[in-house]
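K.L.:
Kindly return the folded structure for what I paste below:
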Amino acid sequence: MARAIFNGTVLAETERPELVEGNVYFPPEAVHDEYLTRTRRVSVCPWKGIARYYTVTVDGREARNAGWSYPHPSPLARKIKNHVAFWGDVEVEP
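P.N.:
Numbering: from 1, shown residues only. Okay, here's the model as predicted:
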């Protein structure tokens, strides 16, 4: 069971994560999106496409740009479309 935890709260949990380049991507239905706020940050991956970022907020504590997803990935990365990955202060248990 893969889980993402921040400030003692489970942000996402799934038995079917997608693992890409060492990152755990959680399917949209496994993510508690009430803890996520989209930011203006974007990045570009040559083979996945444009990533959008989220700040995670739990009980007033924030982890800025600690989550990201590919809403419109390239065809090579279609299996992670709308999945969310986490890093930084978010603990990810693969």
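K.L.:
drop to CA atoms for contacts and neighbour counts, all remaining ones
P.N.:
Will do.
K.L.:
count of neighbours near residue 65?
P.N.:
21 (other CA atoms under 10 Å).
K.L.:
show me what contacts it?
P.N.:
Each residue near residue 65 by CA atoms under 8 Å, 6 or more residues apart in numbering is listed here: 39, 41, 53-56.
K.L.:
Look at it and give its secondary structure.
P.N.:
Secondary structure state of residue 65, per DSSP: H, G, I helix; E, B strand; the rest coil, is strand.
K.L.:
What distance do you get for it to residue 55?
P.N.:
To residue 55, residue 65 is 5 Å away according to CA to CA, to the nearest Å.
K.L.:
filter the contacts of residue 65 to the buried ones?
P.N.:
Buried subset of the contacts of residue 65 (neighbour count, 16 or more other CA atoms under 10 Å): 53-56.
K.L.:
on that earlier part again, tell me which of the contacts of residue 65 fall in helices.
P.N.:
Members of the contacts of residue 65 lying in helices (criterion: DSSP state H): none.
K.L.:
Which of these sits closest to residue 18?
P.N.:
residue 53 (17.9 Å; CA to CA).
K.L.:
Excluding covalently adjacent residues, which one is nearest to that closest one?
P.N.:
residue 68 (4.2 Å; CA to CA, 6 or more residues apart in numbering).
K.L.:
would the one you found count as being in a strand?
P.N.:
Yes. Checked against three-state DSSP, residue 68 lies within a strand.
K.L.:
list the contacts for the closest residue to residue 43 other than its chain neighbours?
P.N.:
Nearest residue to residue 43, sequence neighbours excluded (CA to CA, 6+ apart): residue 51, at 5.2 Å. Applying CA under 8 Å, 6+ apart to residue 51 gives the contacts 42-45, 68-71.
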